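S.K.: My questions concern the predicted model and sequence given below.
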Amino acid sequence: MGEMILRIWRTEVDPARMEEYEEFEREISTPMFQQQPGVLGVLFLRSENDCVALSLWKDMDAVEALATSPTYLETVDRLLSTGLLRDKQTLEVLRVEGGLIDFENLPDHLSQ
């Protein structure tokens, strides 16, 4: 297997609007990620009011292309204009060096 990249974007969401944020993830963010060349998957994670979009990418070129993708930029602008987010957002990009994912036993809501 070649290179694989993990991209971690974190933000805090107004707790009173969490349901609205989750709808944005399902209806807007997920289809946008599906359109990106080189995306291997995306998971949306929670810890209290913290929200994380963890995406897996084929290589660093795909991650770098995301930054100039018209559909990505439009989604970011749309999300920022909702007022759902609090404080700042952070981004971390890491190379995957090893590990294990048991695809056969993923919960139904993570399988397609």
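M.R.: Done, it's in.

S.K.: Which residue ranges of the chain form strands?
M.R.: Assigned strands in the chain, in chain order: 5-13, 39-47, 50-57, 85-95 (criterion: DSSP state E).

S.K.: Pull up the pairing partners for the helix or strand bottoming out on mean pLDDT in the chain, direction included.
M.R.: Taking mean pLDDT, DSSP states H and E as the measure, the helix or strand of the chain with the lowest value is strand 85-95, at a mean of 92. Pairing partners of strand 85-95, with direction, according to DSSP bridges: strand 5-13 (antiparallel).

S.K.: Identify all contacting residues around the strand it pairs with.
M.R.: With CB atoms under 8 Å, 6 or more residues apart in numbering as the test, strand 5-13 has contacts from 21, 49-60, 62-63, 66, 84-96. C-betas here are computed from N, CA, C, even on glycine.

S.K.: Just the buried residues of these.
M.R.: Listed as buried from the contacts of strand 5-13 are 21, 51, 53, 55-57, 62-63, 66, 84-85; burial here means 16 or more other CB atoms under 10 Å.

S.K.: Can you pick out the most distant pair from these?
M.R.: Ala62 and Leu84 (26.6 Å; CB to CB).

S.K.: With distance to Glu104 added, can I get the strands of the chain in a markdown table?
M.R.: Output for those, formatted as a markdown table (distance: least, CB to CB, whole Å):
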| stretch | distance to Glu104 |
| --- | --- |
| strand 5-13 | 21 |
| strand 39-47 | 15 |
| strand 50-57 | 18 |
| strand 85-95 | 25 |
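
S.K.: Out of those strands, the one nearest His109 is which?
M.R.: Closest among the strands of the chain, using CB to CB: strand 39-47, at 10.6 Å.
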